[in-house]
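Trainee: what shape does this take:
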Amino acid sequence: MKIDFVGTTYKFSISFFILYAFFMILLVSLGYWQLGRAEEKSVFLEKQRQSGVAEVLEAQALVANNAVDYRYRKVELTGYYDAQHQFLIDNQIVQGKAGYFIMTPFIVDGIKQAVLVNRGWLPLNSDRRVLPDLSITTLKNHLTGRINHFPAVGLLLAGAEIPAKGWPSVVQVVDSQILSKKLAYPLLSFQIELDPEMQEGYLREWQEIKIMPVEKHMAYAVQWFGLAITLTLLFICFSRTVNE
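Mentor: Sure, this is the predicted structure:
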């Protein structure tokens, strides 16, 4: 293929042009994708910031909205722990050690559903068959905490959401509907991470979700667009012939 433009002839094969066009579209698409991710992260971080300074929620707000928009919001609840029916969330790594998150159902005053309160982390016993003592001294409680998704796991194995028989019950993946059946009463579809200063808890080092900074996404976008420009310049140089 040959194109004449302002005294210059550009010669290239169809296959060479198709190859250039493919990589050009790919690089530009990656650049716009990074810009989109930067916008998403910006919205998420702003929402997270607002959640941290927003007023404390009460029980009725959780039921009305099912906490979909309330991640990281503070909440105050009054009710009592169901200390006879507790869950140990297995394979949770804290400070480089394996252990359990202790999830205790909390029967909330004024609403029909209970909520799982994450009372913190305990290390594994040297003998896995020996489970930790999860006794609670004060069943009736006024607690504060923050709303969050259930703990994540690295590798999801088949049957990981099925709790062990008996109590306390060991389970790897929290599925509120499945655990509701074992408890024989309904659960809300999120956890409350118990504030570190509250009693009846264990090691609590609640972390914000770790995400790539917005600036890094922007830098990657600039990088992809820069590569697209470089590719175009190379294409022009290799196909350019100056007319005498």
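Trainee: direction included, what does the longest strand along the chain pair against?
Mentor: For the chain, the longest strand by residue count, based on DSSP state E, is strand 97-108. Strand 97-108 pairs in its sheet with strand 74-81 (antiparallel), strand 87-94 (antiparallel), strand 114-123 (antiparallel), by DSSP bridges.
Trainee: beyond the longest one, next helix or strand please.
Mentor: Okay, so that is strand 114-123. The element immediately downstream of strand 114-123 (helix or strand, assigned by DSSP states H and E) is strand 140-148.
Trainee: so what's the residue count around the nearest residue to Lys140 once chain neighbours are set aside?
Mentor: Nearest residue to Lys140, sequence neighbours excluded (CB to CB, 6 or more residues apart in numbering): Tyr80, at 4.7 Å. For the C-beta atoms, the positions are set from N, CA and C on the backbone; glycine is no exception. For Tyr80, the neighbour count with other CB atoms under 10 Å is 16.
Trainee: Tyr80 contacts Phe106, doesn't it?
Mentor: Yes - shown here, Tyr80 and Phe106 form a contact pair, counting by CB atoms under 8 Å, at 7.3 Å.
Trainee: and the strands paired with strand 97-108: which comes nearest Arg129?
Mentor: Proximity to Arg129, assessed across those by CB to CB, is greatest for strand 87-94 (12.6 Å).
Trainee: can you pull out the helices in this structure?
Mentor: With helices called from DSSP state H, the chain shows them at 14-53, 59-65, 176-183, 214-239.
Trainee: ok, of the ones you listed, where does mean pLDDT dip lowest?
Mentor: For those, the weakest mean pLDDT is recorded on helix 59-65, namely a mean of 66.
Trainee: and Gln84, how far from Val170?
Mentor: Relative to Val170, Gln84 is positioned 16 Å away (CB to CB, to the nearest Å).
Trainee: ok, the two, which is more surrounded?
Mentor: Val170 (16 against 11).
Trainee: how deep is Tyr81 tucked in, by neighbour count?
Mentor: Neighbour number of Tyr81 under other CB under 10 Å is 22.
Trainee: an error on my part: the question was meant for Asp175.
Mentor: 16.
Trainee: give me the distance between it and Asp82.
Mentor: 18 Å.
Trainee: just Met218 next, same as before
Mentor: The gap separating Met218 from Asp82 is 48 Å, by CB to CB.
Trainee: what do you get for Ala21?
Mentor: 63 Å.
Trainee: do Val130 as well
Mentor: 23 Å.
Trainee: comparing these two, which residue is more hemmed in?
Mentor: Shown here are Val130 and Asp82; by other CB under 10 Å, Asp82 has more neighbours (17 against 9).
Trainee: how is this structure partitioned into domains?
Mentor: 2-47+214-242, 56-194 (automatic domain parsing).
Trainee: and stretch 186-199, what's buried?
Mentor: 187-195, 198 (16 or more other CB atoms under 10 Å).
Trainee: just stretch 146-154 next, same as before
Mentor: Those would be 146-148, 150-151, 153, for stretch 146-154 by 16+ other CB under 10 Å.
Trainee: related to what we said a few turns ago, tabulate the strands paired with strand 97-108 (TSV), appending distance to Lys140 and mean pLDDT.
Mentor: Converted to TSV, the strands paired with strand 97-108 look like this (distance: least, CB to CB, whole Å; pLDDT from 0 to 100):
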stretch	distance to Lys140	mean pLDDT
strand 74-81	5	89
strand 87-94	21	89
strand 114-123	14	93
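Trainee: and Thr137, which of those strands is closest to it?
Mentor: Using CB to CB, the strands paired with strand 97-108 put strand 74-81 closest to Thr137, at 10.1 Å.
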